[in-house]
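Novice: kindly return the folded structure for what I paste below:
(4 chains)
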Number of protein chains: 2
Amino acid sequence: MTKAAKFDRQAVVKKATDLYWEKGFHATSMRNLQEVIDMRPGSIYATFGSKEGLFKEVLQYYADMSLAQLTAYSQNTTSPINALKLFFNSAVIDSKHTAPSGMCMLVKTISELTDDNGELLSEAKRLLTVIETAMQDILNDAKKCGELSKGEDTARLARYLQMQLMGLRTYARANNSDVSVTELINDIFGNKPFLAQD
Amino acid sequence: MTKAAKFDRQAVVKKATDLYWEKGFHATSMRNLQEVIDMRPGSIYATFGSKEGLFKEVLQYYADMSLAQLTAYSQNTTSPINALKLFFNSAVIDSKHTAPSGMCMLVKTISELTDDNGELLSEAKRLLTVIETAMQDILNDAKKCGELSKGEDTARLARYLQMQLMGLRTYARANNSDVSVTELINDIFGNKPFLAQD
DNA sequence: GAATTTATTGAACGATTGTTCAATTTTAGC
DNA sequence: GCTAAAATTGAACAATCGTTCAATAAATTC
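Specialist: I've put the predicted structure just below:
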């Protein structure tokens, strides 16, 4: 008989991620989770400790996936800036249609939670800074290969990109038109816009 | 004897807004609400119908407040663009410290809710477009008084601003530094940044 | 001021929440 | 193949959820 696949923690975490991502922390019940990951309460608590414990592991998994995707784009193109643009398009357009929620799960989490779940809240914040740093690394690569002038402050640019990405994904969730969103991405990485005053 | 203040619906809605704004829809319990607005369940249900009914009224109240603030800034300055900038600063900086949550309540709502609360979700989306339109109106004023060139697409600019505001407030919640955020606002309304490519 | 309508109360409802744990099944060691 | 250890089960717990409604209080009408 085939060796039974031993308990696949990652597969379980992935399923939990989909549910938590879609419904958020509070609207997801343990009984919801039990069905989706096909485990009984005792096993879940033995493995993950609590609803919060599982959520924390889910946050880490989500961030790992995001970072992996960023790395993948970065390795498949010679242009770091283009890798970032692909990452943006993927996060905003694709994830809106295929992912459980168009929202970034980390943003959704810091938006939902309060100090009542302080550990989860600060963990989500921490992971967002990790991703911001990963974008900064790519911007530094862009400097090296001449896509970005040496004088640029990559920390500031990364912060700016992170903020844009938060706005984009949220805007995409609030509005149904994809074309507006594509326009917005082009605005960010390209041309103009702006309200320069005085 | 002084005429007893008749049931002050707005005062009640305001208190409910603060609680819902802070904790979100799901994490706010009716018993929480009962204490904060000092009404018994029967009265609440007679007046607002349900937890959702009260939340819907809260959303409307919140949007009204935002629009009123935008109008106030617009009337206190001769520069429409400056009015927008003041609105941004107020929404991002002030609200982070004084408001129940640094997040925009409408954004927080579309981030939290799913189709399980479809009416509340679409109402929040609708109110966001109302605010976007109000910003567009101000941009049109800016055109009239020469602050914006006649060729500008104010609908597109308003969309862009809305997206920026969503990103800014979310970023401000995720990070504690106010200076970074002020820098970001200056970037939006002013100078440069940018990753112009090809 | 009595009668009638309207508003308010708070105990109670059934459903669901996150979590526990004794009982059972599965695995591992020899 | 028997025994000890580890993992899994699912019924059950107390707490809390959103909501209802008969009983009471307040306001209004004539």
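Novice: SS state for the closest residue to chain B within chain A?
Specialist: Closest contact between chain A and chain B, by Cβ to the nearest Cβ, is at residue A:167 (2.6 Å). (Each C-beta comes from the backbone N, C-alpha and C, glycine too.) Classification of residue A:167 using DSSP: H, G, I helix; E, B strand; the rest coil returns helix.
Novice: how far away is it from residue A:173?
Specialist: Using Cβ to Cβ, to the nearest Å, we find residue A:167 at a distance of 11 Å from residue A:173.
Novice: ok, now residue A:46?
Specialist: In terms of Cβ to Cβ, residue A:46 sits 36 Å off from residue A:173.
Novice: comparing those two, which residue is more hemmed in?
Specialist: residue A:173 (22 against 10; other Cβ atoms under 10 Å in any protein chain shown).
Novice: ok, the more buried one - contacts?
Specialist: Shown in contact with residue A:173 (Cβ atoms under 8 Å, 6 or more residues apart in numbering or on different chains): A:96, A:101, A:102, A:103, B:110, B:111.
Novice: tell me which element the residue of chain A found nearest DNA strand C falls in.
Specialist: Residue nearest to DNA strand C within chain A: residue A:42 (2.9 Å; Cβ to the nearest atom of the strand). In this structure, residue A:42 sits in helix A:41-48 according to DSSP states H and E.
Novice: kindly report the same for residue A:146.
Specialist: Here residue A:146 is assigned to no helix or strand, by DSSP H and E.
Novice: packing partners of the biggest helix by length in chain A?
Specialist: For chain A, the helix that runs over the most residues, judged by DSSP state H, is helix A:118-144. Contacts defined by 3 or more Cβ pairs under 8 Å, 6 or more residues apart in numbering or on different chains; DSSP states H and E place helix A:118-144 against helix A:51-75, helix A:80-89, helix A:105-112, helix A:154-174.
Novice: save these as JSON lines, and put in mean pLDDT too.
Specialist: Converted to JSON lines, the helices and strands packed on helix A:118-144 look like this (pLDDT from 0 to 100):
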{"stretch": "helix A:51-75", "mean pLDDT": "97"}
{"stretch": "helix A:80-89", "mean pLDDT": "92"}
{"stretch": "helix A:105-112", "mean pLDDT": "98"}
{"stretch": "helix A:154-174", "mean pLDDT": "93"}
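Novice: would JSON lines of those with distance to DNA strand D be doable?
Specialist: Putting these into JSON lines (distance: least, Cβ to the nearest atom of the strand, whole Å) gives the following:
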{"stretch": "helix A:51-75", "distance to DNA strand D": "14"}
{"stretch": "helix A:80-89", "distance to DNA strand D": "37"}
{"stretch": "helix A:105-112", "distance to DNA strand D": "15"}
{"stretch": "helix A:154-174", "distance to DNA strand D": "24"}
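Novice: excluding chain neighbours, give the residue nearest to the spatially most central residue of chain A in space.
Specialist: The residue lying closest to the centre of chain A (Cα atoms, centre = their mean) is residue A:104, at 4.7 Å. Nearest non-adjacent residue to residue A:104, counting by Cβ to Cβ, 6 or more residues apart in numbering or on different chains: residue A:169, 5.3 Å away.
Novice: my read: that neighbour touches residue A:108, true?
Specialist: No. In this structure, residue A:169 is not within contact of residue A:108 by Cβ atoms under 8 Å, at 9.5 Å.
Novice: more neighbours, those two?
Specialist: Neighbour comparison, residue A:169 and residue A:108: the larger count goes to residue A:169, with 28 against 25 (by other Cβ under 10 Å).
Novice: separation between that one and residue B:166?
Specialist: Using Cβ to Cβ, we find residue A:169 at a distance of 9 Å from residue B:166.
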